[in-house]
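This is the structure alone, sequence omitted:
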């Protein structure tokens, strides 16, 4: 049963303990992606967000790439803990969503509207963030747990090569997801009166 919007937003949390089980079909996961990409707004209706959904061996392949890249730059004595985190918190999941922004679109807008040129890369990030939040919330709503990771830009080249990603697509974030195997830590909230200002 679909939750109302407030409940879905309230329920979204960061899950690091996930399994490779899915509460829904792959088709339903794809429908979530389709819905978000079709309906989430973007500055100037740019529709610059691109999403790659990795399942099964492709999901595992991504996190093996991350490990191989990190192995070259993380000190040897620190790598085992890094590897364990990736294996147990990210690769252990059911799939990963990759969020990209198409720089052809961003650069095209910069040329078309030069007075706003500096803003379009920022607005592109805003668009990506809205897609990330929407997909994250919708995945949680159907029973998944997810987290948002940022191993870009160090993995960008290898990921693009391995999955034949357009060179003009800029990787923004990675979202591993799976069925939660434990509850997330309770969230601590800062006082609202320190974060919101109301003028009456």
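That came in fine, so what should we check first? Bear in mind the structure is a predicted one, so any value in this text is a computation, not a measurement.

Let me see the mean pLDDT of the helix ranked longest in the chain.
Criterion DSSP state H: the longest helix present in the chain is helix 120-141. What helix 120-141 shows for mean pLDDT is 98.

Show residues contacting the helix or strand following that helix.
Later in the chain than helix 120-141, the nearest helix or strand by DSSP states H and E is strand 145-146. The contact list for strand 145-146 (CB atoms under 8 Å, 6 or more residues apart in numbering) reads 13-15, 17-18, 93, 136, 139-140, 175-180, 184. For glycine as for every other residue, the C-beta is placed from the backbone atoms N, C-alpha and C.

swap the cut-off to 6 Å and go again
Defining contact as CB atoms under 6 Å, 6 or more residues apart in numbering, one finds that strand 145-146 is touched by 15, 18, 136, 139, 175, 177, 180.

On the C-terminal side of it, identify the next helix or strand.
helix 156-163.

center of this protein, which residue is that?
Ranked by distance to the mean C-alpha position of the chain (CA atoms, centre = their mean), the top residue is residue 175 at 3.7 Å.

re the thing from before, which neighbouring elements make contact with the longest helix of the chain?
With contacts defined as 3 or more CB pairs under 6 Å, 6 or more residues apart in numbering; DSSP states H and E, helix 120-141 has these neighbours: helix 5-11, helix 26-39, strand 49-55, strand 95-102, helix 103-112, strand 169-180.

Run the angle between it and helix 26-39 for me.
Taking axes from the mean of the first three to the mean of the last three CA atoms, to 10 degrees, one finds that helix 120-141 is oriented at 150 degrees with respect to helix 26-39.

Just give me how far helix 120-141 sits from the chain centre.
8 Å (CA atoms, centre = their mean, to the nearest Å).

Pretty sure the residue nearest to the centre of the chain sits against residue 148.
Yes - using CB atoms under 6 Å, residue 175 is in contact with residue 148, at 5.5 Å.

Could I have the ChimeraX command that selects the buried members from the contacts of strand 145-146?
Provided next is the ChimeraX selection string for whichever of the contacts of strand 145-146 are buried by 16 or more other CB atoms under 10 Å:
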select :15,18,136,139,175,177,180
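
Between the contacts of strand 145-146, which sits nearest residue 69?
residue 175 (18.2 Å; CB to CB).

Tell me the spacing between the nearest residue to the closest one once chain neighbours are set aside and residue 176.
Nearest residue to residue 175, sequence neighbours excluded (CB to CB, 6 or more residues apart in numbering): residue 97, at 4.2 Å. Distance, residue 97 to residue 176, by CB to CB, to the nearest Å: 8 Å.

what does residue 32 give?
Residue 32 is 15 Å from residue 176, by CB to CB.

Write down the beta-bridge partners of residue 51, one by one.
When assigned by DSSP bridges, residue 51 has beta-bridge partners residue 99.

ok, how many other residues are close to it?
Residues contacting residue 51 under the criterion other CB atoms under 10 Å number 17.
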